[in-house]
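S.K.: my questions are about this predicted structure, shown below with the sequence.
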Amino acid sequence: MSKAFDGKSVVVTGVASGLGRALAREFAAEGANVLGCDVNDPAGEETMAGIGAYIHTDVSKESEVEFLIDEAVRRFGRLDVLVNNAAIQVEQELAETSEEQLDRVLAVNLKGPFFGCKHAIRVMRPAGGGAIVNVASVVALAGDPMLAAYGAAKGGVLALTKSAAVKYGRDKIRCNAVCPGDIQTPLVEAYFAAAEDPVALRAQAEAEYPLGRIGQPREVARAVLFLASDDASFVTGEALVVDGGVLAEIY
Ligand SMILES: NC(=O)c1ccc[n+]([C@@H]2O[C@H](COP(=O)([O-])OP(=O)(O)OC[C@H]3O[C@@H](n4cnc5c(N)ncnc54)[C@H](O)[C@@H]3O)[C@@H](O)[C@H]2O)c1
């Protein structure tokens, strides 16, 4: 039976952990040739063992992202899909955020996807098109008191997504975003662990979700695969919220 991404060339950033690992697995299971990257090489290589290829890439460095994209074309002949997933989280209120913290978050979480889009478009355009999915966050759409820099970067990712969609749609390049709520990954586990009472914070977070729980990485990955697939052939410039209903609730 044919699979949704049979023979497609897919690059996923941040595959060493959490959502990136789930994305690499789901794309590979759907038949894609997957090139994953991260800065955590042992864990990134572990993710990709037996399902695809891995190379070290710091997404905050344009030359490394350029190399990543060219490497996908060298290995697979073309690039069909890029998922800009890699990110870091700094928990800090706005008034206490240092210039260094802001620079680092913007470098990884905003410049990273920007470089990814730029170089993916460079190779997709002459090849006749492709799909880009940027991983944003519900924090791009609603405020979080302790994620000022992170939220600013994710809001930028949504603007980047729309700019790319409107400029390159006629080149048959679609660009969309997903906005996940809390997803059970090391990033969120670290957030809970830093609290005075991690168990209570987790229970409180889960209680806030209309579905009564936080999400699993695979549940976001499947939404990303939809946006990257031909099933979403008329969807571009969209920010798909995958949040268990948390943004839908007024109180
Ligand atoms: N977990 C959540 O609740 C949640 C919610 C909303 C959005 N997101 C977003 O989902 C994406 C994945 O997050 P996650 O929860 O899996 O986080 P995670 O921390 O588990 O994984 C992030 C991965 O990115 C890698 N990374 C960090 N800096 C990098 C760099 N400069 N270059 C390349 N790779 C780098 C890390 O090594 C790690 O493997 C991120 O964009 C995050 O902002 C997560």
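M.R.: Perfect, I can see it now. Numbering: from 1, shown residues only.
S.K.: isn't residue 227 right next to residue 131, touching?
M.R.: Yes: look at residue 227 against residue 131 with C-beta atoms under 8 Å: they come within range, at 7.1 Å. Yep, even glycine has a C-beta here, placed from its N, CA and C like the rest.
S.K.: shared neighbours, these two?
M.R.: Shared contacts of residue 227 and residue 131 (C-beta atoms under 8 Å, 6 or more residues apart in numbering): 174, 176.
S.K.: higher neighbour count, those two?
M.R.: Taking neighbours as other C-beta atoms under 10 Å, residue 227 and residue 131 compare with residue 131 leading, 27 against 23.
S.K.: help me confirm that the more buried one is found in a helix?
M.R.: No: under DSSP: H, G, I helix; E, B strand; the rest coil, residue 131 falls outside any helix and is assigned strand.
S.K.: list the residues that contact it.
M.R.: Contacts of residue 131 by C-beta under 8 Å, 6+ apart are 80, 81, 82, 173, 174, 175, 176, 227, 228, 229, 232.
S.K.: same thing but at 10 Å, please
M.R.: 8, 10, 79-83, 120, 124, 172-176, 224, 227-230, 232-233, 235-236 (C-beta atoms under 10 Å, 6 or more residues apart in numbering).
S.K.: what does residue 53 give?
M.R.: Neighbours of residue 53 in contact, by C-beta under 10 Å, 6+ apart: 11, 33, 34, 35, 36, 37, 45, 71, 72, 75, 76.
S.K.: nearest to the ligand among those?
M.R.: residue 37 (6.1 Å; C-beta to the nearest ligand atom).
S.K.: wait, the closest one touches residue 64, no?
M.R.: Yes: counting by C-beta atoms under 10 Å, residue 64 is a contact partner of residue 37 at 8.3 Å.
S.K.: comparing these two, which shows the higher neighbour count?
M.R.: Taking other C-beta under 10 Å, residue 37 and residue 64 do not tie; residue 37 has more neighbours (29 against 17).
S.K.: in a helix, that's where that one is, yeah?
M.R.: No: the assignment for residue 37, made by three-state DSSP, is strand rather than a helix.
S.K.: quick check: chain neighbours aside, which residue is closest to it?
M.R.: residue 57 (3.6 Å; C-beta to C-beta, 6 or more residues apart in numbering).
S.K.: what sits against that neighbour?
M.R.: 11, 13-14, 35-39, 44, 63-69, 71, 86, 112, 115-116.
S.K.: do the same with residue 106
M.R.: 60, 112, 114, 149, 150, 152, 153, 156.
S.K.: of the contacts of residue 131, which are in range of the ligand?
M.R.: Subset of those in contact with the ligand: empty, counting by C-beta under 6 Å from any ligand atom.
S.K.: now, those residues that are in strands?
M.R.: Residues of those located in strands (DSSP state E): 10, 81, 82, 83, 173, 174, 175, 176.
S.K.: closest to the ligand among those?
M.R.: For these, the nearest to the ligand is residue 83 (9.5 Å; C-beta to the nearest ligand atom).
S.K.: ok so, going back, widest-spaced pair of the contacts of residue 53?
M.R.: 45 and 76 (18.5 Å; C-beta to C-beta).
S.K.: neighbour count winner among these two?
M.R.: Neighbours were counted for residue 45 and for residue 76 using other C-beta under 10 Å; residue 76 has more, 20 against 17.
S.K.: and this protein, which of its residues are near the ligand?
M.R.: 13-14, 16-20, 38-40, 57-60, 85-88, 108, 135, 137, 180, 182-183, 185-188.
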